[in-house]
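Novice: Structure for the following, please:
(2 chains)
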Amino acid sequence: MPAAMRKIVTIVEETHQEGECPVTPPSRRAAAIAVIHNPYAGRYQENLADLIDIGEILGALLAERAVAALGIDPHSVESYGKAAAVGADGELEHAAAILHPKFGAPFRKVLGKGPALIPSSKKRGGLGVALDIPLGHKDAAYVRSHFDGMEVRIADAPRAHEILVAVAIATSGRPHPRIGGLTTAQIIGEDGLR
Amino acid sequence: MPDIVLRKTLVQIEEIFHEGGPAPATPLLRGAICAVIRNPFAGAYTEDIAGFMDDLKPLGHDMAARLVAALGGDPARIEGFGKGAIVGEAGELEHGALWHVPGGYAMRELLNGAKAIVPSTKKIGAPGARLDVPVTHINASYVRSHFDSLEIGVPDAPRASELLLALVMTTGPRIHARVGGLTTAEISKHDGLR
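Specialist: Modelled structure (predicted):
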């Protein structure tokens, strides 16, 4: 696996002001993105087991990197999301193989818990393609204040035979949320929805 | 001169393992920190702007320190640097030039009095604009292995009345540098060039 990885990028965003109003404390979120070789680029492969296994490794690795970039206790993460972009010679199904079968369990384990579905997006793109990673509350998907997204990109990836794999985490919802809906105080935290 | 009004910061760290060639024992780190601040001179021509350089000094020092911390915390590991600015559309290119002194000297001081000029670039840009920030060796500009650049940007900045200020640092040469020229071992004149 390490040989198949070309680079890892971490991005930390802190928002101090939104809508001309201070955000106190500043809201913080991080993304960790791996650029890996796509073993199935350029050909049709029925069995995608290798990518599924890579997904399991990356679920833990990227979650750990994102938490480390924020320098926080992993239990203080409130929302999460994941995304992948396959290069020109890959298939959307390759992104799905990484993200869906085995990625979530190790990601959640790093954070301690996470009954909610991990929101995700996937696409095919060229170098520098923007990946909009959806974010949702990790304990209750209906928490409206935490519906969010983080845009990331890497200037030199993905090459045609590569895949970008990303996670995003945040320690709060949007700055100044005020459109109602389920609040964090109302979370039951059992079914992943409310 | 006006206060610094900070809207957000973004720290981006790349850990590069290889680019198709033999992976070195220590991965290369390349990092950038971007700060998005209000441009106090946006929307009108102001003749006397130079005093704002002094106001930017504390921000420059904070950004340099945060970037070194994100790259592992040891200033002695930093071998390359660069800086840049993107001015929102209601501003002037000259406003970006205000970053030269506070951005450059903050890095040099932190990096034990680095001798080389800090390479830079700037432009007027819309939210999400990308900037290729040039990178050269911190003590000798002619070291060929360290000629590099890092693409930076913040998805939602700069707005029309904002400045995006960036510092960039690297921990070593390009990952598979092999085009000759002055090497780090040959630095001898200590004049910032060779």
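
Novice: show me the contacts for residue 70.
Specialist: If you meant another chain, say so; for now it's chain A. With contacts defined as Cβ atoms under 8 Å, 6 or more residues apart in numbering or on different chains, residue A:70 is in contact with A:12, A:28-30, A:169, A:171. Placement of C-beta: from N, CA and C, glycine included.

Novice: that's the wrong chain, I wanted chain B
Specialist: Residue B:70 touches A:12, A:69, B:11, B:13, B:31, B:33, counting by Cβ under 8 Å, 6+ apart.

Novice: now whatever helix or strand the second one lives in, how far from the centre of its chain.
Specialist: Same thing as residue A:69. Using DSSP states H and E, the element containing residue A:69 is helix A:49-70. Taking Cα atoms, centre = their mean, to the nearest Å, one finds the center of helix A:49-70 at 10 Å from the center of the full chain.

Novice: Any buried residues in that helix, and which?
Specialist: A:51-52, A:54-67, A:69-70 (16 or more other Cβ atoms under 10 Å in any protein chain shown).

Novice: How about stretch A:16-32?
Specialist: Going by neighbour count (16+ other Cβ under 10 Å), the buried part of stretch A:16-32 is A:16-18, A:23, A:26-32.

Novice: thinking again about what came up before, in strands, which of the contacts of residue B:70 appear?
Specialist: A:12, B:11, B:13, B:31, B:33 (DSSP state E).

Novice: Count the residues that sit near the third one.
Specialist: Going back to what we said before, that points to residue B:13. Residues contacting residue B:13 under the criterion other Cβ atoms under 10 Å in any protein chain shown number 22.

Novice: try the first one
Specialist: Close neighbours of residue A:12, defined as other Cβ under 10 Å, add up to 21.

Novice: Leaving out the residues flanking it, which one is nearest to the residue in chain B sticking out farthest from the centre?
Specialist: Centroid-distance maximum for chain B: residue B:22 at 28.2 Å, with Cα atoms, centre = their mean. Distances taken as Cβ to Cβ, 6 or more residues apart in numbering or on different chains put residue B:176 closest to residue B:22, at 7.5 Å, once the chain neighbours are dropped.

Novice: just the helices in chain A please.
Specialist: Here chain A has its helices, by DSSP state H, at A:49-70, A:92-99, A:104-111.

Novice: Mind putting those into TSV with mean pLDDT?
Specialist: Shown next, in TSV, are the helices of chain A (pLDDT from 0 to 100):
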stretch	mean pLDDT
helix A:49-70	97
helix A:92-99	96
helix A:104-111	98
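
Novice: Any idea which of the ones you listed gets closest to residue B:59?
Specialist: Counting by Cβ to Cβ, residue B:59 lies closest to helix A:49-70 out of those; the figure is 21.1 Å.

Novice: Just the C-alphas of that closest one, formatted as PDB.
Specialist: Extracted in PDB, the C-alpha atoms of helix A:49-70 (Å, rounded to 0.1, in the frame of the first residue of the first chain):
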ATOM      1  CA  ALA A  49     -11.400  -6.600  -4.000                       C
ATOM      2  CA  ASP A  50      -8.000  -4.900  -4.000                       C
ATOM      3  CA  LEU A  51      -9.600  -1.500  -4.000                       C
ATOM      4  CA  ILE A  52     -12.000  -2.500  -1.200                       C
ATOM      5  CA  ASP A  53      -9.100  -3.500   0.900                       C
ATOM      6  CA  ILE A  54      -7.300  -0.200   0.100                       C
ATOM      7  CA  GLY A  55     -10.400   1.500   1.300                       C
ATOM      8  CA  GLU A  56     -10.200  -0.200   4.700                       C
ATOM      9  CA  ILE A  57      -6.600   1.000   5.100                       C
ATOM     10  CA  LEU A  58      -7.400   4.500   4.000                       C
ATOM     11  CA  GLY A  59     -10.400   4.800   6.200                       C
ATOM     12  CA  ALA A  60      -8.200   4.600   9.300                       C
ATOM     13  CA  LEU A  61      -5.200   6.500   7.800                       C
ATOM     14  CA  LEU A  62      -7.000   9.500   6.500                       C
ATOM     15  CA  ALA A  63      -9.200   9.800   9.600                       C
ATOM     16  CA  GLU A  64      -6.000   9.800  11.800                       C
ATOM     17  CA  ARG A  65      -4.300  12.400   9.600                       C
ATOM     18  CA  ALA A  66      -7.300  14.700   9.600                       C
ATOM     19  CA  VAL A  67      -7.600  14.500  13.400                       C
ATOM     20  CA  ALA A  68      -3.900  15.100  13.800                       C
ATOM     21  CA  ALA A  69      -4.000  18.100  11.500                       C
ATOM     22  CA  LEU A  70      -6.700  19.600  13.800                       C
END
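
Novice: returning to what we had before: just send the helices of chain A back as JSON lines, with distance to residue B:55 too.
Specialist: Below are these laid out as JSON lines (distance: least, Cβ to Cβ, whole Å):
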{"stretch": "helix A:49-70", "distance to residue B:55": "29"}
{"stretch": "helix A:92-99", "distance to residue B:55": "46"}
{"stretch": "helix A:104-111", "distance to residue B:55": "40"}
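
Novice: of those, which approaches residue B:65 most closely?
Specialist: The nearest among the helices of chain A, by Cβ to Cβ, is helix A:49-70 at 16.3 Å.

Novice: and the angle from the closest one to helix A:92-99?
Specialist: Relative orientation of helix A:49-70 versus helix A:92-99 (axes from the mean of the first three to the mean of the last three Cα atoms, to 10 degrees): 60 degrees.

Novice: what angle sits between helix A:49-70 and helix A:104-111?
Specialist: Note on geometry: by the same axes, to 10 degrees, helix A:49-70 and helix A:104-111 are set 20 degrees apart in direction.

Novice: and residue B:61, what helix or strand is that in?
Specialist: Here residue B:61 is covered by helix B:52-70, with elements defined by DSSP H and E.

Novice: Check the burial of residue 181 by counting its neighbours.
Specialist: Using chain A. Neighbour count for residue A:181, taken as other Cβ under 10 Å: 12.

Novice: that's the other chain; I wanted chain B
Specialist: 12.
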